[in-house]
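**Q** heads up, no residue letters with this:
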């Protein structure tokens, strides 16, 4: 079986507030949107933000909980890009969880919560390659 993730969908309480974070903060452009969901084309997968009620109904689950026991990550090409992106995300409706610093394993990273408290790691890893299309390759 091919190792791939096609779509990650996050439940959100307010679509406009969420869209501001992702469109203004990250600078991402929606590829589709309606009154319930916004899709962003990533480099090989799609990120969806869906109003909680619609996502719960689609999954036949009640009471989506936040924060979840996961973190999404956005890697940048340069160490000096981490803190300014975190600040832009915070000014676009996010909240800084952990200021950027150098972890023991190397690199540079910090954490930001989106308006619905989903955690994003903003990271620079000098051993991971990011190609011209934005595809990240694990490296040691």
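**A** Looks like it came in fine. A quick note: this is a predicted structure, and the numbers were derived from the prediction, not measured.
**Q** tell me where this structure has strands.
**A** 7-12, 30-33, 37-41, 46-51, 72-75, 95-101, 108-113, 119-124, 129-130, 136-137 (DSSP state E).
**Q** now those in a markdown table, with mean neighbour count and mean pLDDT?
**A** No exception for glycine: its C-beta is placed from N, CA and C like everyone else's. Below are the strands of the chain laid out as a markdown table (neighbours: other CB atoms under 10 Å; pLDDT from 0 to 100):
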| stretch | mean neighbour count | mean pLDDT |
| --- | --- | --- |
| strand 7-12 | 18 | 97 |
| strand 30-33 | 13 | 98 |
| strand 37-41 | 18 | 98 |
| strand 46-51 | 20 | 98 |
| strand 72-75 | 16 | 97 |
| strand 95-101 | 14 | 98 |
| strand 108-113 | 21 | 98 |
| strand 119-124 | 20 | 98 |
| strand 129-130 | 14 | 92 |
| strand 136-137 | 12 | 92 |
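**Q** of all these, which lies closest to residue 63?
**A** strand 7-12 (10.5 Å; CB to CB).
**Q** by contact count, what packs against the closest one?
**A** Other elements packing on strand 7-12 under the criterion 3 or more CB pairs under 8 Å, 6 or more residues apart in numbering; DSSP states H and E are strand 46-51, helix 52-59.
**Q** sheet partners, orientation included, of it?
**A** For strand 7-12, the paired strands and their directions (DSSP bridges) read strand 46-51 (parallel).
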